[in-house]
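> dropping a prediction and its sequence here:
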Amino acid sequence: MNEKNTLFNWFKLVLKRDLVLSFKKIATFMVPLVFFLIVITLFPLALGTEGSFLSTLSSGVIWVAALLASLLAVESIFNEDYRDGTLDQFLISGEPTFILVLAKVLAHWLVTGAPLLLASLISTFFLYLPEGLLFPLLISLLMGTFLLSLLGALGGALTIGKTAILSAVIVLPLSVPILILGVAVITSALNGQDFFSYLYFLGAMLAIGIPGLCLATTEAIFINYD
Amino acid sequence: MINLIKKWLISLGSPPLFFKWASKILPWFFPISILILLTGLIWGIGFAPTDYKQGDVYRIIFIHVPSAILGQSIYLMMAIFGFICLIWRAKLAGMFLRSAAPIGASFTLIALVSGAVWGKPTWGTWWVWDARLTSTLILFFLYAGIISLYSSIDNKQKGDRAASLISVVGVIIIPIIKKSVDWWQTLHQPSTFTITSAPSMTPDMYLPLLICVIGFYSILFSILLNTLRAEILIRERNTSWVRQFLNNQIKE
């Protein structure tokens, strides 16, 4: 083995480890998915099944359900590693924590966020999403769920060893712009307007959020190990 | 000169010296702040002219506007002190955060409630999903999140730093929240109730409002000094100077 000890290798190593671990345990990607679908099902049960009514609500409902599912799933990012001591080992290994956070967020998104995209595809049939909105919905969810994973990682790192609902309370107010922009993409597509301006804004937030929120998450992890 | 200022600033950062300084200032500053506040409120509520459109209801402005201003500026202060707490690990900055957060949350709540009371007679409803109202509500939730975060962490210093981190992140995101809430308003149907653009205020109304704002700020300053004093005593209870201070208090 003469693997070069580069940052990218460290990134790949953590990513691979997290992915393998989550695919060994079916719950990690099953639970957010099922939660999402259950929440989607609750809306017609509560609001009635009238087609046109549901279809006006559909994009908003899907977005809210995705927001809740991905923010409640953050508990798995750091908590398990914290409990069994793996996080301590990561930190004393001397490898940069920033890269660790980045890899863990990406792994978390691949395991929970990406399946949500598929599930939202199914839920569009449940909620009679108006035709032609599938692409705006999926692309806004694609960017939005990654931002939510980043925010969720911050919340999870701040509340290591505590409940997920606490981190949700902290992070949910901060996730308001993501929800608004995500739904704005779909609404403007519905009105036949150009929705790319909102997508650009989401992309800008992603570009600032990836380094910025990962940095904040790194600091949050360090606070726990003072 | 610069050295003197530096020395003074550093001395303010040390809990015992700050405690002494605060104890010196409070006895005369607190009455003054009460006086300013009462002047503003009595002038505003009792003597300012009645609004020709809204009648006497508009007088809620003398409580509503200052508390809304305070709710936002306390968050900004918390972010600044959070930044100091994160970088220089100043103990006092963390204590400031802890004592400022509940005050900021209360002022935001006062702004929301007084706004609702004002909205009922003028707009005909307690709540409108207006951009400003919504972002104030979200600000209140942010405060609630910060308070629940630091109160859930047993280690006080860790709690301080966690709260600092989230307030610094929050202050960066707040402009985005405001902007996005504005967009959201224009995207949805325009609100049925328009805030009647008030006629430019006469000095008779504007001056008491200004005094109210100054009064609210000075009362905030007094409350902060007092809660900080309490927080310092609690945190430093194991040090010799606190024991000495408490012994002196008992003797007196």
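Looks like it arrived, so ask away.
> all strands for chain A, in order.
Using DSSP state E, no strands are assigned anywhere in chain A.
> show me what from it comes close to chain B.
Applying Cβ under 8 Å from any Cβ of the partner chain, one finds that chain A approaches chain B through A:154, A:158-159, A:162, A:166, A:169-174, A:176-177, A:180-181, A:183-184, A:187-188, A:205, A:212-213, A:216, A:219-220, A:223-224, A:226. Where you see a C-beta, it was placed from the backbone N, CA and C, and this is true even at glycine.
> and the helices in the chain, which stretches?
Picking chain A for this. A:7-24, A:27-47, A:51-72, A:75-83, A:86-92, A:97-108, A:114-126, A:134-158, A:164-171, A:176-190, A:196-224 (DSSP state H).
> meant chain B, my bad for not saying
Using DSSP H, helices in chain B cover B:2-13, B:15-42, B:61-88, B:91-123, B:131-152, B:156-187, B:203-235, B:240-251.
> so can I have CSV of the ones you listed showing mean neighbour count?
Listed next are those as CSV, based on neighbours: other Cβ atoms under 10 Å in any protein chain shown:
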stretch, mean neighbour count
helix B:2-13, 10
helix B:15-42, 16
helix B:61-88, 20
helix B:91-123, 20
helix B:131-152, 20
helix B:156-187, 20
helix B:203-235, 18
helix B:240-251, 11
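> for the closest residue to B:Thr239 other than its chain neighbours, list the residues it contacts.
Using Cβ to Cβ, 6 or more residues apart in numbering or on different chains and skipping the chain neighbours, the partner closest in space to B:Thr239 is B:Pro16 (7.8 Å). By Cβ atoms under 8 Å, 6 or more residues apart in numbering or on different chains, the contact set of B:Pro16 is B:232, B:236, B:239, B:241.
> tabulate those residues in a markdown table, adding columns for distance to B:Gln249 and pLDDT.
Output for these, formatted as a markdown table (distance: Cβ to Cβ, whole Å; pLDDT from 0 to 100):
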| residue | distance to B:Gln249 | pLDDT |
| --- | --- | --- |
| B:Ile232 | 14 | 90 |
| B:Glu236 | 15 | 86 |
| B:Thr239 | 15 | 86 |
| B:Trp241 | 13 | 86 |
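> which one of those is nearest chain A?
B:Glu236 (19.0 Å; Cβ to the nearest Cβ).
> so that closest one makes contact with B:Val242?
Yes: counting by Cβ atoms under 8 Å, B:Val242 is a contact partner of B:Glu236 at 4.9 Å.
> worst average pLDDT in the helices of chain B?
Per-segment mean pLDDT for the helices of chain B reaches its minimum on helix B:2-13, at a mean of 75.
> how far does that one sit from its chain's centre?
26 Å (Cα atoms, centre = their mean, to the nearest Å).
> before we move on, the earlier item: can I get the helices of chain A in a markdown table including mean neighbour count and distance to B:Leu220?
Shown next, in a markdown table, are those (neighbours: other Cβ atoms under 10 Å in any protein chain shown; distance: least, Cβ to Cβ, whole Å):
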| stretch | mean neighbour count | distance to B:Leu220 |
| --- | --- | --- |
| helix A:7-24 | 15 | 46 |
| helix A:27-47 | 16 | 42 |
| helix A:51-72 | 20 | 33 |
| helix A:75-83 | 20 | 37 |
| helix A:86-92 | 14 | 40 |
| helix A:97-108 | 22 | 37 |
| helix A:114-126 | 17 | 44 |
| helix A:134-158 | 24 | 27 |
| helix A:164-171 | 22 | 25 |
| helix A:176-190 | 23 | 27 |
| helix A:196-224 | 18 | 28 |
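> where does A:Thr218 land on pLDDT?
The model's pLDDT for A:Thr218 equals 92.
> list the contacts of the closest residue to B:Leu112 other than its chain neighbours.
Excluding its sequence neighbours, the residue lying closest to B:Leu112 (Cβ to Cβ, 6+ apart) is B:Thr136, at 6.0 Å. Counting by Cβ under 8 Å, 6+ apart, B:Thr136 touches B:68, B:71, B:108, B:111-112, B:115.
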